[in-house]
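# from the sequence below, what's the structure:
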Amino acid sequence: MPIDPRTPVLIGGGQYAHHAAGLDDALHPVALMAEAVARATADAGLSTMPNPDSIRVVSLLSWRYGDPAYVLAQHLGLTPRETVLTTNGGNSPQTLVNTSAGHIQSGEIDLAILAGGEAYRSRIRARRDGFELPWPKAPEGQLPRVLGHDLDMSNPIERAHGIVMPVQVYPIFETAIRAAAGRSVEAQQRISSELWARFSNVAAANPNAWRQQARTADDIRTPSSANRMIGFPYTKYMNSNNDVDMGAALIMCSVEKAQSLGVPRDRWVFIHAGVDCHEHQFMSNRDNFATTPAIELGGRAALELAGMNIDDIDIVDLYSCFPSAVQLGAQSLGLSLDRQLTRTGGLPFAGGPWNNYVMHAIATTINDLRSGAGTNALVWGNGGYATKHSFGIYSTSEPLQGFRHGSPQAQIDAMPRRELADGPDAAGPVTIEAYTVMHDRDGNPETAFVACRLADGRRAWGASTAAALAAAMCVGEWVGRSATLDAEGALTIA
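Sure, this is the predicted structure:
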């Protein structure tokens with residue numbers, strides 16, 4: 001049976017990591033994207049860059065262009081019909097691929113360039129040195145089409161308690177995972193650090209990784225001057241590394257367009273299915289912090305739409321901002337932690353350019369598929385606090401039913417949710433459910449953030465800045481301990 005000419009394919013992927021010596025040779029994010037697009041063009045076997053119907057850029061944090069896709073088009077000398085910007089979130093690159101695949105299949109577009117990049121390392125250097133960067137912006141009034149809808153993932157009560165950053169939340173998940181498994185702190189640290197050591201080994205062999213250095217599990221879990229504790233139980237090496245200047249790009253088109261461009265068949269990678277969904281909007285309302293039902297249902301839906309099961313997947317890249325994210329993803333998808341769960345080396349080692357890591361993962365994955373490392377691949381992107389999820393199923397084999405997209409959101413929304421108590425309503429005896437201890441820049445315990453359960457099953461947030469308690473909570477297991485909250489959320493141990 002001849003292949004449907006509207007079938008979406010990825011024909012090129014490019015990546016670029018720029019280690020600028022200083023601000024004189026720093027590149028702005030669109031310049032990083034432009035280099036990645038040039039590499040994607042060469043990867044597709046094309047001698048000239050194709051003029052796209054659409055240039056689509058992942059939302060970035062290190063520079064405000066207004067319309068970065070327009071600036072990219074100008075930089076490359078391209079004249080797309082439209083310029084597009086995504087909303088925020090580490091899930092955005094995979095969501096962008098899913099959306100673009102649907103637009104190609106429906107005939108809305110024939111060819112799109114997808115790109116993203118961050119020059120956060122250079123931006124921070126400039127801010128530190130008081131240097132004003134001469135980077136370009138789009139003309140006033142030039143606005144992109146925005147794809148997607150932002151999801152506010154922190155409620156006012158969480159913000160009031162100071163629980164707003166991923167570096168606080170993912171270690172809280174780690175303690176919940178540990179307690180649910182019945183492991184000691186030491187046993188859990190071994191699992192996470194050994195997982196991360198395997199990730200660093202992948203990065204060491206990845207020519208596009210920001211850090212090409214293998215680290216031992218002992219190096220990763222042991223605090224040192226170069227590896228201070230940030231949010232117990234996570235050292236610096238266990239945290240995503242956003243201090244990078246990196247760009248990535250993908251070229252997507254219809255089969256008909258690929259043929260007209262003369263792109264060889266062995267450069268084509270098909271996306272069979274995509275799914276987008278999210279957990280309960282606010283983490284306070286999740287039933288528990290040791291499971292992620294939206295990953296389970298979303299991953300299962302993506303596989304079913306592709307006509308596959310997890311055993312058919314040869315190549316996997318799981319979002320890897322922190323060890324707990326990988327553990328939650330692997331558990332929900334039915335994957336062993338012992339198998340290779342990253343193709344790049346992950347955000348701490350290969351680089352975590354804010355919203356755009358997954359575009360690097362997809363570019364790496366399509367190259368691995370072409371090289372014969374496997375036939376089928378699964379990529380999972382994650383945004384927020386393991387909140388927003390996007391899945392893509394890729395293959396060198398063409399899909400029998402075309403690209404298929406879905407979402408189990410209605411099923412997720414109907415799942416159990418926990419009520420949140422606060423203020424005088426939360427005051428009194430509680431049981432510690434999960435926790436972390438944030439450390440200062442000298443590695444000293446500073447503030448304990450604690451998720452608690454009331455006797456009636458509601459959740460409440462507590463914190464303590466008492467130095468002795470913060471230090472004590474870095475030793476042994478505190479999940480399940482009795483404590484007391486006052487009306488302000490101050491925690492004391494019963």
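# residue 315 contacts residue 372, correct?
No: counting by Cβ atoms under 8 Å, residue 315 does not reach residue 372; the two are 10.7 Å apart. For the C-beta atoms, the positions are set from N, CA and C on the backbone; glycine is no exception.
# could you check which of these two is surrounded by more residues?
Taking neighbours as other Cβ atoms under 10 Å, residue 315 and residue 372 compare with residue 315 leading, 20 against 9.
# quick check: that one vs residue 350, distance?
15 Å (Cβ to Cβ, to the nearest Å).
# pull the longest helix from the chain.
helix 185-204 (DSSP state H).
# what comes up buried for the next helix or strand after that helix?
Per DSSP states H and E, the first helix or strand lying C-terminal to helix 185-204 is helix 217-221. For helix 217-221, the neighbour count (16 or more other Cβ atoms under 10 Å) marks 217, 219, 220, 221 as buried.
# just those now: which is nearest residue 83?
Of all the buried residues of helix 217-221, residue 83 sits closest to residue 220, with 41.2 Å by Cβ to Cβ.
# show me the contacts for that closest one.
Residue 220 sits next to 193, 196, 197, 200, 227, 235, 237, 238 when contact means Cβ atoms under 8 Å, 6 or more residues apart in numbering.
# walk me through the domains of the protein.
8-152+242-413, 164-237, 423-493 (automatic domain parsing).
# redo those as TSV? Include distance to residue 1 and mean pLDDT.
As requested, the domains of the chain are exported to TSV (distance: least, Cβ to Cβ, whole Å; pLDDT from 0 to 100):
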stretch	distance to residue 1	mean pLDDT
domain 8-152+242-413	9	98
domain 164-237	37	98
domain 423-493	52	97
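# winner for burial among these?
domain 8-152+242-413 (a mean of 21; mean count of other Cβ atoms under 10 Å).
# start and end of that domain, how far apart?
Using Cα to Cα, to the nearest Å, the gap from the first to the last residue of domain 8-152+242-413 comes to 31 Å.
# give me the secondary structure label for residue 300.
helix (DSSP: H, G, I helix; E, B strand; the rest coil).
# just the helices in the stretch 151-300 of the chain please.
With helices called from DSSP state H, counting those that start in this stretch, the stretch 151-300 of the chain shows them at 156-160, 166-181, 185-204, 217-221, 255-261, 293-305.
# looking at the ones you listed, which is closest to residue 126?
Taking the helices of the stretch 151-300 of the chain one by one with Cβ to Cβ, helix 166-181 is closest: 23.1 Å.
# state the distance from residue 321 to residue 357.
8 Å.
# next, show the common contact partners of the two.
90, 347.
# for whichever strand or helix holds residue 146, enumerate the helices and strands it packs against.
Under the criterion of DSSP H and E, residue 146 resides in strand 145-147. Judged by 3 or more Cβ pairs under 8 Å, 6 or more residues apart in numbering; DSSP states H and E, the packing partners of strand 145-147 are strand 82-86, helix 92-106.
# make a markdown table from those and add distance to residue 270 to it.
A markdown table is the format used below for the helices and strands packed on strand 145-147 (distance: least, Cβ to Cβ, whole Å):
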| stretch | distance to residue 270 |
| --- | --- |
| strand 82-86 | 22 |
| helix 92-106 | 9 |
